[in-house]
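**Q** Everything below, folded, please.
(one chain, ligands or ions: 3)
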Amino acid sequence: MKVLVINSGSSSIKYQLFEMDNEQVLCSGIVEKIGLPEGIITHKTFDAAGNETKNKQELPIPDHKVGLAEVVKLLTDEKIGVISNPDDISAVGHRVVHGGEYFNETTVITKEVEEKIEEVIPLAPLHNPANLQGIRVCKDIFPKAKQVAVFDTAFHQTMPERAFRYAIPEELYQKYGVRSYGMHGTSHKYVSAAANKYLGKEGASSRIITIHLGNGCSMAAVKDGRCIDTSMGFSPLAGLMMGTRSGDIDPAVIFFLENKLNMKTDEIYDLLNKKSGMLGVAGASDMRDIEDRFVEGDTAATRALDMYTYRIKKYIGAYTAAMNGLDAIVFTAGVGENDAGVRRLSMQGLEGLGIKIDLEKNNIRAKKIEEVQADTSHVKILVVPTNEELEIAQQAVNLL
Ligand SMILES: Nc1ncnc2c1ncn2[C@@H]1O[C@H](COP(=O)(O)OP(=O)(O)O)[C@@H](O)[C@H]1O
Ligand SMILES: CC(=O)OP(=O)(O)O
Ligand SMILES: [Mg+2]
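**A** Ligands and ions are numbered 1, 2, ... in the order given. From the prediction side, this is the model:
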């Protein structure tokens, strides 16, 4: 059974085509820097022995629709394509970021499901539209395949009320579902399970903090394999500082912008979602650009990194308290897996909590699970490459 997985992030589309009979990856790729002047598509095909052939192109990719069209071209290309007939694909698994109160499980996509994903767009304005586009394009191109949605919010459904409720009038939760949902759940689930397995703590008691640092960033406190708290909230705007999102901010700033600067609601929305974070503070959203400037001693980039990593530390403190201790920290996603500098700065000055990184071991871009703590550290520090696509494909197969 061949399953295609489409993972549309805010700045990227990742995809993998699996032969699920033996979980073999037939091809995989990433469309990066969507919306920036210079987009990149990296497409890899694999033969039965796992040997890789890579194809890289640079071209402007203004939005997710253009990106998806390029992906489909590559999948069906005469020379390097891996499918000759779209009907070869039995299912397409889609990452959907926000399921609102409607979905806490993997679901076959029907017209009603599509409408509900559309209805909660205001809760995930950078993501659900891209997720929907992916669903619609794939329905057209793979009409025989079952379309399946795997929701980012699902893993966080185990949070207790004290963690997911906001201190606002009860009616807003009861009537309108105003509460914290959390995102990146597929990734937090995958890497926490992988870490538990690696540490020999599957099914045992364990206290792990997972730190997903991509363009969007979030952390989760995972106790005994279940999420008990997470930093994103009602929408993916909450929590950590991100590529273009502010993360936590005093809501009074919004009233100030309205009253003092006469900004409209959608302008403020845009400001906090698309013009803030690393972009707002240092003028660039891509961490590779920030790192280059940090190395050159750029003041704004240095300040932005200091803010970004300080907030990670604060959440580590909070979640260590919430779990009454900590066994392991897990870094993952684009920045978490590749950026030794961010890991180093985030772990600096946490010796008081028994957390100490080894600078030499940390100096890696992780392709598999790596341990980067110092010998004297009481807490393990792992870098675990996430694989949201495999997790989605497995869930799609289980459902079907
Ligand atoms: N080698 C690297 N060093 C530092 N940051 C990197 C590196 N490779 C990728 N990144 C960063 O990862 C981020 C994208 O992560 P990713 O998980 O793909 O994001 P998303 O899924 O949110 O689109 C970008 O900010 C990019 O700069
Ligand atoms: C929810 C979210 O922020 O996703 P991504 O990091 O893929 O943009
Ligand atoms: Mg992502």
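**Q** can you give me the helices for the stretch 251-400 of the chain?
**A** 252-261, 265-274, 277-282, 287-295, 299-322, 333-338, 340-347, 359-362, 388-399 (DSSP state H, counting those that start in this stretch).
**Q** got the angle for the first one vs helix 265-274?
**A** For helix 252-261 against helix 265-274, the angle between stretch directions is 130 degrees (axes from the mean of the first three to the mean of the last three Cα atoms, to 10 degrees).
**Q** Kindly tell me how buried the closest residue to ligand 2 within the stretch 151-300 of the chain is, as a neighbour count.
**A** Nearest to ligand 2, among the residues of the stretch 151-300 of the chain, is residue 216, at 2.0 Å (Cβ to the nearest ligand atom). Quick note: C-beta positions are derived from backbone N, CA and C, even for glycine. Counted by other Cβ atoms under 10 Å, the residues lying close to residue 216 total 29.
**Q** Redo the helices of the stretch 251-400 of the chain as CSV? Include mean neighbour count, distance to residue 150 and mean pLDDT.
**A** Shown next, in CSV, are the helices of the stretch 251-400 of the chain (neighbours: other Cβ atoms under 10 Å; distance: least, Cβ to Cβ, whole Å; pLDDT from 0 to 100):
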stretch, mean neighbour count, distance to residue 150, mean pLDDT
helix 252-261, 12, 32, 98
helix 265-274, 16, 23, 95
helix 277-282, 22, 26, 98
helix 287-295, 18, 26, 97
helix 299-322, 18, 25, 98
helix 333-338, 24, 17, 98
helix 340-347, 22, 27, 98
helix 359-362, 14, 32, 98
helix 388-399, 22, 4, 95
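**Q** Ligand 2 versus the residue of the chain found nearest ligand 3, what's the distance?
**A** Closest to ligand 3 within the chain is residue 9: 3.6 Å, counting by Cβ to the ion. Using Cβ to the nearest ligand atom, to the nearest Å, we find residue 9 at a distance of 3 Å from ligand 2.
**Q** Give me the nearest residue to the closest residue to ligand 2 within the stretch 251-400 of the chain, chain neighbours excluded.
**A** Proximity of the stretch 251-400 of the chain to ligand 2 (Cβ to the nearest ligand atom) peaks at residue 333, 7.0 Å away. Distances taken as Cβ to Cβ, 6 or more residues apart in numbering put residue 214 closest to residue 333, at 3.9 Å, once the chain neighbours are dropped.
**Q** what about the residue lying closest to residue 173 once chain neighbours are set aside, is that helix, strand or coil?
**A** Once flanking residues are discounted, residue 173 sits nearest to residue 179: 5.3 Å by Cβ to Cβ, 6+ apart. What DSSP: H, G, I helix; E, B strand; the rest coil gives for residue 179 is coil.
**Q** circling back to that earlier point, I figured the residue nearest to residue 333 was touching residue 338, is that so?
**A** No: Residue 214 is beyond contact range of residue 338, at 10.5 Å (criterion: Cβ atoms under 8 Å).
**Q** Could you report the neighbour count for the residue lying closest to residue 391 once chain neighbours are set aside?
**A** Closest residue to residue 391 apart from its sequence neighbours, by Cβ to Cβ, 6+ apart: residue 190 at 4.5 Å. For residue 190, the number of neighbouring residues by other Cβ under 10 Å comes to 24.
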